[in-house]
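In: coords below, sequence missing:
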C-alpha cells in the first residue's frame, strides 16, 4: 500500500510528468440533464455538470487538481469569406474552407486556462477553442489562412456559441466539482459531447466523455421533419395558412366595420 | 415572449416579429407592394438566416396580399384581366430568373449581385416616382386642384394585339403588359421579392393605368408570383419557416387591412410620393452597406454554398 501511494507522489515531485498519476484518479460524472429538448418556447438552456473524483489512494501531494469541462456541438465544415474593397464597394473576395468547426463549444475551467493545461497537452487533447477548429485546406494564394479560422472563433464568440469561462468550475476538496454550461437559444440539433479532463500541473491525468442529446421535440420536431420529408405538402400547408389568414383578417375587419 | 423557430433554428421575440409583419402589412395595403424589399432586410436585422428570411418572407407576402386584394375586390379596383396577362409574363420571367440566378450562383458572387440589383432598381424607380409625383402635386396646385388626366399616347399604343381592359379603361396591346410581367418575374426570382415596387410604377407610367386600379391589380398579381416562389423554396431549399410565417402573417394581415383603409384617405400623388421616399430610403441604406467598411470583414457560410 505504501509503495503505491508514495511512488506517484515522489514521481510527481521529481519530474512533474504525466504517467505517474494516470490510472489513479477517475471521474464519476453527473449531468442535470443528458438531453436538451428544444420546444416552442426554448430560450436557451443551462446544463449542470457535476461529479466526483474516484481514487483508491489518498490525494496526491503536489499541485492541486484542476478540472476542465468542454461541451462541444456537432462539427461541420464552414466556408469563411472575406470582404475587400474593389472598385469602391465591399465585395467577397477570398474564401477559405475550414474543414471542421463545432456548432457550439464551451469550456469551463477551475483556474485560468493556461494554469490548468499545458500547451502540449492542449494540442494533444484539442481543448482550447482555437484547437477545436480544424483547418487544413487553404488555397495557395491565401497566405493568412489562420485569420479565417480566427474569424470563425470571433464571430461565434460574439453569438455566444463559443465561450471560454475560466474559474467557473468549483472544485471541492480535490474531489467534488461542478459547473454550469449555458446554451444560447440558437443552438443546432445533434449529439453534443461533454468532456471532462482532470489535470495536475498542466498534465492531463484522466479524461471522461459523455453525450448530451440536443433535439427538437413536439410540434417543432413535427414541423422540422415534415419540411424535410414532405416538402411539397409543407409548402402547400404554408400557403394554405397564408391564404386562410389573409381571408380571415379581411372577413374580421369587414364584420368589425359593419357592426 | 420568445418563440423557437424550427427551421431558422433561432428563437425570436414574438411581439417583435408580429410588429415587423404589421408594419409591412400596412405598407402592403397602402401601396400595393408586397413589402418584401422591406421585410427581408428587417428579418436579417432581427437575426433570421438570409435563406429562411427570403423564403418565409415570400409566404408572408402571400397572406398580406391576399388580405389586401379582398378589400380591393370589394371596391372593384382589381383589373383581373390585366392581372392575368401580367401573370402570364411573370411566370415565364420567374423561370428565366431562376436560370439567371443559378448562373450567377455558379460565378460565386450572388449576394453582391442581389444587393446591386436592389440598389440600382430601387434607386431608379424611387427617384423617378419621387420627381414625377412632386411635379404632379405642383401641377394640381397651380391648376387650382383640377385633376390632370394623363394618357400616354406613344409606342405603347402603336403595337398590335390590342385588348380591352375595362376596369382600367384601357384599350392597348397585350405586348407591354406581358413584357412588364416578364421583367418583374425575372426580378422576383433574383431579388426574392414580389416585385410590387417595380410593378406599380410600371403600370402607372408604362401602361398608363389609373392609380386606384394599380394597387389592387398589383396585389392580385403578387399573390401568384409569391406563392410560386414559396413552393420553390419549400421544395428545393426547405427554408420556409412556418412558425415564423404565422407570426409575421398575423401581424401582416391585420396591417394590410389598416393599410387599405389609410390608402383611401390619401391622394394618389401623396401615396406615390410616400412610396418613393420609402424606396429611396431602402436604396440608400443598402448602398451605404456596400460603400462603408463593414464591422466584420469575414462571413460564415455552410460549406459548398457560394
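Out: Received, thanks. As the structure is a prediction and not an experimental result, all values here were calculated from the model.
In: list the helices and strands whichever strand or helix holds residue A:249 packs on?
Out: Counting by DSSP states H and E, the element that carries residue A:249 is helix A:231-258. Counting contacts by 3 or more CB pairs under 8 Å, 6 or more residues apart in numbering or on different chains; DSSP states H and E, helix A:231-258 is packed against helix A:218-229, helix B:50-74, helix B:211-236, helix B:242-265. In this view, the C-beta of every residue, glycine as well, is placed from N, C-alpha and C.
In: out of those, which gets nearest to residue B:282?
Out: In terms of CB to CB, the element of these nearest to residue B:282 is helix B:50-74, at 13.9 Å.
In: what is the subsequent helix or strand relative to the closest one?
Out: Toward the C-terminal end, the helix or strand that comes next after helix B:50-74 (DSSP H and E) is helix B:80-107.
In: in chain B, what spans have low per-residue confidence?
Out: B:32-34, B:102, B:104-111, B:142-160, B:189, B:191-192, B:301-306 (pLDDT under 70).
In: what's the single longest helix in it?
Out: Determined from DSSP state H, the single longest helix within chain B is helix B:110-142.
In: what's in contact with the helix or strand that comes right after it?
Out: Moving toward the C-terminus from helix B:110-142, the next helix or strand (DSSP H and E) is strand B:162-165. With contact meaning CB atoms under 8 Å, 6 or more residues apart in numbering or on different chains, strand B:162-165 is reached by B:79, B:81-82, B:85, B:170-174, B:209.
In: just the closest of these to residue B:135, please.
Out: Nearest to residue B:135 among those: residue B:209, at 18.6 Å, using CB to CB.
In: hmm, residue B:260 is touching residue B:69, no?
Out: No. Residue B:260 is beyond contact range of residue B:69, at 9.4 Å (criterion: CB atoms under 8 Å).
In: contact partners for residue B:7?
Out: Applying CB under 8 Å, 6+ apart, the residues near residue B:7 are A:223-224, A:227, B:52, B:56, B:238-244.
In: oops, could you answer that again for residue A:209 instead?
Out: Residue A:209 neighbours (CB under 8 Å, 6+ apart): A:193-196.
In: can you lay out those as CSV showing secondary structure and distance to residue B:232?
Out: Output for the contacts of residue A:209, formatted as CSV (DSSP: H, G, I helix; E, B strand; the rest coil; distance: CB to CB, whole Å):
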residue, secondary structure, distance to residue B:232
A:193, strand, 38
A:194, strand, 41
A:195, strand, 43
A:196, strand, 47
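In: only whichever of those residues are buried, select them in PyMOL.
Out: With 16 or more other CB atoms under 10 Å in any protein chain shown as the burial test, the buried ones among the contacts of residue A:209 are selected in PyMOL as follows:
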select buried, chain A and resi 194+195+196
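In: what about the residue of the stretch 1-150 of chain B found nearest chain A, neighbour count?
Out: Closest approach between the stretch 1-150 of chain B and chain A, counting by CB to the nearest CB: residue B:66, at 3.1 Å. Per other CB atoms under 10 Å in any protein chain shown, the neighbour tally for residue B:66 reads 29.
In: cool, and the one 5 residues further on?
Out: Here the neighbour count serves as a burial measure; for residue B:71 (other CB under 10 Å) it reads 25.
In: for the spatially closest residue to it that is not a sequence neighbour, what are its contacts?
Out: Nearest residue to residue B:71, sequence neighbours excluded (CB to CB, 6 or more residues apart in numbering or on different chains): residue B:260, at 4.4 Å. Applying CB under 8 Å, 6+ apart, one finds that residue B:260 lies in contact with B:29-30, B:68, B:71-72.
In: enumerate the residues of the stretch 101-250 of chain A near chain B.
Out: A:147-148, A:151-152, A:154-156, A:185-189, A:216, A:219-221, A:223-224, A:227-228, A:231-232, A:234-239, A:241-243, A:245-250 (CB under 8 Å from any CB of the partner chain).
In: show the buried residues in these.
Out: Neighbour-count burial (16+ other CB under 10 Å) is assigned, among those, to A:147-148, A:151-152, A:155-156, A:185-187, A:189, A:216, A:220-221, A:223-224, A:227, A:231, A:234-235, A:237-239, A:241-243, A:245-246, A:249-250.
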